[in-house]
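1. Structure of the sequence below:
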Amino acid sequence: MAWNLSLFKGVERTELQEKIVEKLPPDFGGEDVAMLFDNVEMLIERKEKEFPDIREYIIDHQVSFSGTSFSLTVSAVPVKERNQKPSS
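-> Reported below is the predicted structural model:
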């Protein structure tokens, strides 16, 4: 979630976050939502710092466990950049 949100800026990111909140279970309270998005923001900042040039949506992932180790496989597609609207 955080990785894909990091690919959006400003109003678009805010709108997506609002859609996520709408999909959360009804027993999520205000503190739960605040904690979730605090963590999401921390992960977004880390992604933007560590991987600023990677512009791909994560579309699937799989975690495999073997004994005490694990493997993460991620499927991603490049972001199709949209033309910026000229400001008036």
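
2. ranges for the helices of this protein?
-> With helices called from DSSP state H, the chain shows them at 2-5, 10-23, 30-50.

3. quick one: the longest one to chain centroid distance?
-> Averaged C-alpha coordinates place helix 30-50 at 9 Å from its chain's average position (C-alpha atoms, centre = their mean, to the nearest Å).

4. how close does residue 17 get to residue 37?
-> 7 Å (C-beta to C-beta, to the nearest Å). For the C-beta atoms, the positions are set from N, CA and C on the backbone; glycine is no exception.

5. ok, now residue 6?
-> 13 Å.

6. Over to residue 24?
-> 11 Å.

7. I'd like to know how far the closest residue to residue 70 other than its chain neighbours sits from residue 71.
-> Nearest in space to residue 70, with sequence neighbours left out and distances taken as C-beta to C-beta, 6 or more residues apart in numbering, is residue 63 at 5.9 Å. As for residue 63, its distance to residue 71 is 7 Å (criterion: C-beta to C-beta).

8. where do the contact lists of those two overlap?
-> Counting by C-beta atoms under 8 Å, 6 or more residues apart in numbering, no residue touches both residue 63 and residue 71.

9. if we can go back for a sec, which among the helices of the chain is found nearest to residue 76?
-> Nearest to residue 76, of all these, is helix 2-5, at 8.8 Å by C-beta to C-beta.

10. Now do that closest one: everything it contacts.
-> By C-beta under 8 Å, 6+ apart, the surrounding residues in contact with helix 2-5 are 13, 16-17, 39-40, 43-44, 47, 57-58.
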